[in-house]
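**Q** Pasting the sequence and the predicted model now:
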Amino acid sequence: MFSIPPILASIPLNAQRAEGYPSWLSNSVFVGVIVVGIILLMVRRSTSKMELVPTSPGGQNLFESVVEGLYSTLEGIVGKHMIARVFPLLATFFLFIVVANWFGLLPGVGTVGFGAHPPGAGLSLHEIEVPLLRPTNADLNMTLAMALISMVAWLIWTLQEQGIVGFIKHTFGVKGGLKGMMALLLAPLFFFVGVIEIVSIIFRPVSLSLRLFGNIYAGENLLHTMSTLGQILNLPGWLSAVMSVVIPIPFYFMELLVGILQALVFTLLVAVYIQLSTSHEESHGDEPAPAH
């Protein structure tokens, strides 16, 4: 007799918690803690025995490759004068989002938890009402928190580089080296553009958080649908069991790609925001002096 693995009855928008647990300890927060622990363990193992010339193919070699690749990519965006300040935060965002996204694809995430059938049985082998593990980036609270942190850091670095007066001039001032009557005539236009820029800055946390949340939540629903396609079509039990294993496989590979792409998109967008407000002298400061 064939049996179908436990499934989540539906994918709720909100993170959940089991009865008797603290209100703040939702299943997505629990996964977030696990992801942080995994990252710390990986970093610790990769750097515990540092070698000038690493001999093993993994460990230190892999960690250095990831860090160097991120560093050079972000340096090309934010510039040499900002990279030392922004790299720790941006690299943390990238690593956390990648590991969290990939962790959500592991067997058991969303399929092991607390259910109501049979009543009072705790861990259920049937439909699950509250999964024990939920992809942390499928919770809007997590993605919004990261977006807000990135915008607070952006504001601090921007004010450090330009100051309040410099930021106002950079946002609302006349650009392009215009002077005299032409600058005076175009000042209202540039002021209006500055207002639009302020509105776009206010909405950055919304777009950052919803983009990441939407992609991961959609992927979670897609995998859930593909895993239960046999039941949705009312196929025989043995065929549904086979389909629940075979059909989701190509979508898992797609979600692996989506996981790293969304981490890159989030990190690079924050880097671009930083570059736009702190690169007032970057275009000239890094150019070599002309030869005489």
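**A** Received it, and whenever you're ready, just let me know what you need.

**Q** Could you point out the helix or strand that follows the lengthiest helix in the chain?
**A** Using DSSP state H to define each element, the chain has its longest helix at helix 180-227. Per DSSP states H and E, helix 180-227 leads on to helix 229-232 as the next helix or strand towards the C-terminus.

**Q** so what does that next one touch, helix or strand wise?
**A** Contact analysis of helix 229-232 by 3 or more C-beta pairs under 8 Å, 6 or more residues apart in numbering; DSSP states H and E lists helix 237-246 as its packing neighbours. All C-beta spots, glycine's among them, are computed from the backbone N, C-alpha and C.

**Q** what about the longest helix of the chain, average pLDDT?
**A** In this model, helix 180-227 carries a mean pLDDT of 85.

**Q** just checking, what packs against it?
**A** The contact analysis (3+ C-beta pairs under 8 Å, 6+ apart) places helix 180-227 against helix 140-172, helix 248-278.

**Q** Just want the angle from the last one to helix 140-172.
**A** Our comparison of helix 248-278 with helix 140-172, counting by axes from the mean of the first three to the mean of the last three C-alpha atoms, to 10 degrees, yields an angle of 30 degrees.

**Q** Counting neighbours, show which residues of helix 248-278 come out buried.
**A** By neighbour count on 16 or more other C-beta atoms under 10 Å, the buried set for helix 248-278 is 248, 251, 255, 258-259, 262-263, 266-267, 269-271, 273-278.

**Q** Same check on the first one?
**A** Residues of helix 140-172 classed as buried under the neighbour-count rule (16+ other C-beta under 10 Å) are 140-144, 146-147, 150-151, 153-154, 157-158, 161-162, 167, 170-172.

**Q** what's in contact with stretch 202-216?
**A** The set of residues external to stretch 202-216 that reach it, using C-beta atoms under 8 Å, 6 or more residues apart in numbering, is 97, 101, 104, 135, 137-140, 143-144, 146-148, 150-151, 258-259, 262, 265-266, 269-270, 273.

**Q** Quick check: the nearest residue to L140 once chain neighbours are set aside vs G237, distance?
**A** If the residues on either side of it in the chain are set aside, L140 comes closest to F213, at 4.8 Å by C-beta to C-beta, 6 or more residues apart in numbering. For F213, the distance to G237 (C-beta to C-beta, to the nearest Å) stands at 35 Å.

**Q** Please identify which of these two sits among more neighbours.
**A** F213 (21 against 13; other C-beta atoms under 10 Å).

**Q** Distance check, that one against F266.
**A** Relative to F266, F213 is positioned 11 Å away (C-beta to C-beta).

**Q** And for F96?
**A** 10 Å.

**Q** Residues that sit against both of the two, list them.
**A** Where contact means C-beta under 8 Å, 6+ apart, the residues bridging F96 and F266 through contact with each are M146.

**Q** give me phi/psi at T228?
**A** For T228, the backbone dihedrals (degrees, to the nearest 10) come out as phi -110, psi 20.

**Q** That one reaches A241, doesn't it?
**A** No: contact status for T228 versus A241: not in contact, 11.1 Å apart, counting by C-beta atoms under 8 Å.

**Q** intersection of neighbour lists for these two?
**A** If you check T228 and A241 against C-beta under 8 Å, 6+ apart, no residue is contacted by both.

**Q** circling back to that earlier point, how about the helices and strands packed on helix 180-227 in CSV, adding distance to R17?
**A** Written out in CSV, the entries for these read as follows (distance: least, C-beta to C-beta, whole Å):
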stretch, distance to R17
helix 140-172, 13
helix 248-278, 25
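
**Q** closest one to S72 among those?
**A** When these are compared for distance to S72 using C-beta to C-beta, the nearest one is helix 248-278, at 12.3 Å.

**Q** for the record, mean pLDDT for the closest one?
**A** pLDDT averaged over helix 248-278 equals 91, rounded to a whole number.

**Q** Measure how it sits relative to helix 180-227, angle-wise.
**A** Using the same axes, to 10 degrees: helix 248-278 against helix 180-227 is 160 degrees.

**Q** Off-centre distance for helix 248-278?
**A** Averaging C-alpha coordinates over helix 248-278 and over its chain gives two centres that are 7 Å apart (C-alpha atoms, centre = their mean, to the nearest Å).

**Q** circling back to that earlier point, of all the helices and strands packed on helix 180-227, which one is nearest V199?
**A** Comparison of those against V199 by C-beta to C-beta identifies helix 140-172 as nearest, at 11.3 Å.

**Q** If you count contacts, what does the closest one end up packed against?
**A** Taking 3+ C-beta pairs under 8 Å, 6+ apart as contact, the helices and strands that helix 140-172 lies on are helix 27-47, helix 80-103, helix 180-227, helix 248-278.
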